[in-house]
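build me a structure from this.
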Amino acid sequence: MSPPLTGLLLALAGGAVSLGGRAGSGATAGSPRSRRAPRPSSPALPSRLALSGPLPAWLERKRAELALAGEGKSLRRFLADKLAAAVCVPAIPLLPLAALSGSPPSLLLVAPLALVGFFVPDLALRRTLARRRERILLDLPDALSMLALALAAGRSLHQALALAARESGGPLGADIGAALSLARRDPSLDERSAVVSVARASGEPNFARFAELLARKESPYVEFLRTQAAQARAEQNRLLELAADRAYLAMHAPLAPLLSTLCLLVAYGFLHLLDHSI
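Here you go, the predicted structure:
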C-alpha cells in the first residue's frame, strides 16, 4: 500500500475520532467545560450540515428520541457520532489488513462496514430507549399501588400523582412529573390528559394503556388503581421471566461451540473406527 494512501486513511480516522471527542468533551466530568455554566442545547446542525427551514422528519424524530433517552446528547453530537462511527468501523479492521497486504482495501469491503458504522449510534439509542421502557414497566406496579394508597388516605388525584412522581424516581417518576408540569403550563389540560400525552410519548404500552383508562375513568379511582396495579404486576412478572430465560441462554451459549466440536470429534472417531474394522 502506498504511503500517501495510508496517510490519508489514517488522517480520516484520526479526524473522525477527534470530531467525536470534541463533540463529547462538554459532558465529560471534571473537564474545564463541565465546570462552566451549562449552555442551552441548540437543535441546530453543524454549519456544514446546516439546513434551511424546518428539519427533516427523521431528524425531528431523532431529536425527540434523544430528549426522551435523557442522556443529554444533542442532535449535533448524535450526527457527529454517526460520522465518526462510519469512518472508524471500516478503518479499524481494514487499515492493518491494508498494511499487511500492501494494497488498498476494496470498496466492496469499505462501503458495507461504513454503512454498519453509520447505524451503530442508532442501535445504541434504540437499546437505551428499550431499557427505559423496561424500567417504566418495572416501576409501574409500585407507582399504581402508591396512587391507590394515597387516594384511599383522602388525598386528591393531583397530590397522589405528585407523591408518585417524587417517590417513584427513575423514568416513570420523571414522566409523571413532566405530566404535572405540562398540566400547570397548559390550562386546557388536566392532570389525566397530561399523563396520557406523556405516556404515549414514552413508548411503553402498559403505561399508555393505564393513562388512557384513567382519562376515561371517573372518581372514585381506588379500586380501579388496585386492579391496574395487579395487571401491571402480572406483566412485570412476565418480563422478569423472559429476562431470566435470556440470562440462562446467554450463560450457556458459550457451551454450544464446545459441544458441537466434541460431537464432531466423537462422530469422526466412530466413523474412523468403523472404517478400520470393516
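
could you look up the SS state of Arg155?
Under DSSP: H, G, I helix; E, B strand; the rest coil, Arg155 falls in the coil class.

residues near it, how many?
15 (other C-beta atoms under 10 Å). Glycine gets a C-beta too; all of them are placed from N, C-alpha and C.

so for the top helix by length along the chain, mean pLDDT?
The longest helix of the chain (DSSP state H) is helix 107-152. Helix 107-152 carries an average pLDDT of 93.

distance from the chain centre to it, please.
4 Å (C-alpha atoms, centre = their mean, to the nearest Å).

need the next SSE after that helix, C-terminal direction.
Downstream of helix 107-152, the next assigned helix or strand under DSSP states H and E is helix 157-168.

quick one: distance of that next one to the chain centre.
Centroid separation for helix 157-168 versus its chain: 26 Å, with C-alpha atoms, centre = their mean.

same check on stretch 206-219?
Using C-alpha atoms, centre = their mean, the offset of stretch 206-219 from its chain centre is 26 Å.

stretch 195-206 now?
Per C-alpha atoms, centre = their mean, the centroid offset for stretch 195-206 relative to its chain is 16 Å.

got the buried residues for it?
Neighbour-count burial for stretch 195-206, counted by 16 or more other C-beta atoms under 10 Å, picks out Val195, Val196, Ser197, Val198, Ala199, Ser202, Glu204, Asn206.

between which two of these is the distance greatest?
Ser197 and Asn206 (16.5 Å; C-beta to C-beta).

whichever strand or helix holds Leu240 - contacts with which helices or strands?
Using DSSP H and E, Leu240 sits within helix 222-252. Packed against helix 222-252 by the contact rule (3 or more C-beta pairs under 8 Å, 6 or more residues apart in numbering; DSSP states H and E) you find helix 107-152, helix 205-216.

could you dump these to JSON lines with distance to Leu225?
Formatted as JSON lines, the helices and strands packed on helix 222-252 follow (distance: least, C-beta to C-beta, whole Å):
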{"stretch": "helix 107-152", "distance to Leu225": "4"}
{"stretch": "helix 205-216", "distance to Leu225": "8"}
